[in-house]
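# sequence and predicted structure, then a few things I'm wondering about:
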Amino acid sequence: MKLHFLFLPFVLALPLFAQTNSQLPQGFSIDNIDKSVNPCVDFYQYSCGNWLKKAEIPPDQSGWDSFTDLHERNEAIMRGILEKVSGDDATRDPINQKIGDFYSSCMDEKTVDAKGIEPVKSELDRVAAVKDKTELIGVIAHDHLIGTNSFFDFDSDADLHNAAMDIANLDQSGLSLPDRDYYIKDTPKMVEMRKHLVDYATKVFTLAGQPPQQAADSAHIVLRIETALANAAMDRTLRRDPKNIDHKMERDQARALAPNLYLDHYLEAVGSPSFSSLNVRNPEFFQKLNGILDSESLDALKVYSSWHVLRLSAPWLSEPFVQANFQYRRDLTGQAEIQPRWKRCVSATDDALGEALGQRYVELTFGADGKQRMLKMVVALEQALGEDIDGVTWMSPETKKQARIKLAAINNKIGYPDKWRDYSKLTIAQGDFLGNFLRANEFESKREVDKIEKPVDRAEWGMTPPTVNAYYNPSLNEIVFPAGILQPPFFDKEMDDAINFGGIGLVIGHELTHGFDDQGRQFDPQGNLRDWWTPGDAQEFKNRASCVANEYGSFVAVDDLKLNGKLTLGENTADNGGARISLMALHKEIAQDPTAKAAQKIDGYTTDQRFFLGFGRVWCQKRRPEYQRMLVSVDPHSPGKYRVDGVVENMPEFEQAWSCKAGQPMVGANACRVW
Ligand SMILES: [Zn+2]
């Protein structure tokens, strides 16, 4: 099952150390508040107004917010670690050798530039040498291992009906643009985006040695095949319902679905362990892919395959490829300048060797005291959710009992893994950056494939320790908080609990609530897709969820573009539930200790007011319009403004805290409440 991130960690949006924003406080500060705004009219504007006046989107960014700010700080720490272990020191331990050589081979721009396209030549030759479509499948398998997403996806994941076991999964894939909508919609913006892809592919094919006309023809073949794949794909919103991607079948059935896929040949080439059944997440896609593999010529399929090899490598080849890739990013996200090389190389190292670099990162940054205070808050939030479940009026005692069992079974992970990933079999060499990059991808792909038909590793982490994010995993029924997010403004040791419950408390509540949102509620305490709801309670849930979907579906993200209320439903449900239970937990804590700092008025603000201000602070955000537009299509999260205003409109507690009156914008006339 896909993980439920706190926000979308989009690869195009890596931050830069920005002098422009250095005057802005990292944590909570009343200086961010715009007191000329009425909090009951627009609470986001009230809590972030002065921040918004001062914050600038750095030229090499597509947006700026708490996540990018913290990410940038973490990147500077990682850079320090990596620079220290770069070089020829023979006494380095194996971890430092790997991360040091990976990073320095990436930073060695001279060697990278001198090699031009040569490092990827053997991969392109492999595609060029293909003689028939059966042979092509073997090359696709190889390309998947080195990291392409050509045609379709093959991976391992927990069995939806036996979450203790990993099984094989086949899924739709094969696109270059961020979403199927980009190929299908005929709005001027989407037509323009398709042109950007064609321009980019033409440029890269030219750099790879094709004459201009041939390069342009090749680019159009890519667009044609990807458009066919997009038409075959299921849309993002439908895929949110796990029932729609639950199609376990015998291997024979999967083979019959798409004979042109030569499944047995593919599985052998990809090195899959043997299995008799698998989940085909979207069978219709494979039926249509079968037709595409039949109707397109071998030459066209080879053009498409070589494009995906080039697309994978372009950011890591010589300067002309890097520039072509950046221009395409700029067209998609509005990012004005390319990031400095060290930023790109830090990210690449985190991607490739995240648990090796992460080990060094937590040694420097994460103390045992942080973990203890987090654990205490997790327990407080779990108790609050339990009381919230007990208190809701629309659920029968029978379903409440089941919900309580699920809540009690939620596991938590804080900071970093107990057991670090072993990279000893991965070769990292100086002066061979693309080789390192492809070998690291292959190492990771094989690790994934090897999990098929084996018990799920419950200790595994889906994010690296420096990551500024958090997630709920329905298959493991667990909430996970990497060390990277346990810093101000989310978690601030210097701040009172009102601010921290508005920040990290709400994040914990958000992740817990995912276990009970429209998706999470379909999984049982063991992580199996099993209905534990009475039909009446399920209907009550759906009625309440559709109120949330309608509310957020009416919000305008950019220009005339509205949010997709159904795509963002799970996240909005989690934001609303998270806010409510975090405030409950704060009240309980203060009731136990009325002398606590958080119980007092500070800077003229009451406890509850500071809770909401802490919440608002976390979501202060600026985005370039191009980037915002893209996120509306692909991101299940609402923009910062609505993550704040959309929630407080639903909370009578907010109305009371700020003495708002009926009819004011932050007092929802038809307030929605699921949890
Ligand atoms: Zn979430």
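Perfect, I can see it now.
# for the longest strand anywhere in the chain, output the C-alpha coordinates as PDB.
The strand of greatest length in the chain, counted in residues with DSSP state E as the criterion, is given as strand 162-172. The C-alpha atoms that make up strand 162-172 are tabulated as PDB, following Å, rounded to 0.1, in the frame of the first residue of the first chain:
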ATOM      1  CA  ASN A 162      -2.400 -11.000   4.200                       C
ATOM      2  CA  ALA A 163      -0.400  -8.000   5.300                       C
ATOM      3  CA  ALA A 164       2.300 -10.200   6.900                       C
ATOM      4  CA  MET A 165       3.500 -11.300   3.500                       C
ATOM      5  CA  ASP A 166       5.000  -9.400   0.600                       C
ATOM      6  CA  ILE A 167       3.800 -10.300  -2.800                       C
ATOM      7  CA  ALA A 168       4.500  -9.300  -6.400                       C
ATOM      8  CA  ASN A 169       2.600  -6.400  -7.900                       C
ATOM      9  CA  LEU A 170       2.100  -5.200 -11.500                       C
ATOM     10  CA  ASP A 171       1.000  -1.600 -11.900                       C
ATOM     11  CA  GLN A 172       0.400   1.100 -14.500                       C
END
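# what packs against that strand?
Of the remaining helices and strands, those touching strand 162-172 by 3 or more Cβ pairs under 8 Å, 6 or more residues apart in numbering; DSSP states H and E are strand 152-159, strand 277-280, helix 283-295. C-beta coordinates here come from the backbone N, C-alpha and C atoms, glycine included.
# now do the first one, average pLDDT.
Yep, that's strand 152-159 we're talking about. Confidence over strand 152-159 (mean pLDDT, whole number) is 98.
# equivalent analysis for the shortest one, please.
What strand 277-280 shows for mean pLDDT is 98.
# start the count at 32 instead of 1 going forward.
That works, and once the first residue is 32, the last one we named lands at strand 308-311.
# buried ones in it, by neighbour count?
Buried residues in strand 308-311, counted by 16 or more other Cβ atoms under 10 Å: L309, N310, V311.
# repeat for stretch 574-591
The neighbour-count criterion (16+ other Cβ under 10 Å) identifies R575, A576, S577, C578, V579, A580, E582, Y583, G584, F586, A588, V589 as the buried residues of stretch 574-591.
# give me the pLDDT value at the second one.
According to the per-residue confidence, A576 scores 98 in pLDDT.
# quick check: closest non-adjacent residue to it.
Leaving out its chain neighbours, the residue that sits closest to A576 by Cβ to Cβ, 6 or more residues apart in numbering is D549, at 5.3 Å.
# OK, contacts around I539?
Counting by Cβ atoms under 8 Å, 6 or more residues apart in numbering, I539 makes contact with M408, V409, L412, I510, F512, G609, S613.
# again, 10 Å this time
With contact set as Cβ atoms under 10 Å, 6 or more residues apart in numbering, I539 has these partners: 405, 408-413, 415-416, 443, 445, 501, 510, 512, 522, 532, 609, 612-613, 616.
# kindly report the same for N313.
When the contact criterion is Cβ under 10 Å, 6+ apart, the partners of N313 are 183, 201-203, 263-265, 269-270, 275-276, 278, 319-320.
# F468 versus the residue in the stretch 132-281 of the chain that the ion sits nearest to, what's the distance?
Using Cβ to the ion, the point where the stretch 132-281 of the chain gets nearest to the ion is R271, with a distance of 12.1 Å. Distance, R271 to F468, using Cβ to Cβ, to the nearest Å: 32 Å.
# who's more crowded, the two?
Between R271 and F468, counted using other Cβ atoms under 10 Å, F468 has the larger neighbour count: 24 against 19.
# shouldn't the more buried one be within a helix?
Yes: under DSSP: H, G, I helix; E, B strand; the rest coil, F468 falls within a helix.
# these two touch, right, it and L343?
Yes: shown here, F468 and L343 form a contact pair, counting by Cβ atoms under 10 Å, at 8.8 Å.
# between these two, which contacts overlap?
Taking Cβ under 10 Å, 6+ apart as the contact criterion, the common neighbours of F468 and L343 are I177, G178.
# re the thing from before, tabulate the buried residues of strand 308-311 in JSON lines, adding columns for distance to the ion.
Output for those, formatted as JSON lines (distance: Cβ to the ion, whole Å):
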{"residue": "L309", "distance to the ion": "28"}
{"residue": "N310", "distance to the ion": "23"}
{"residue": "V311", "distance to the ion": "27"}
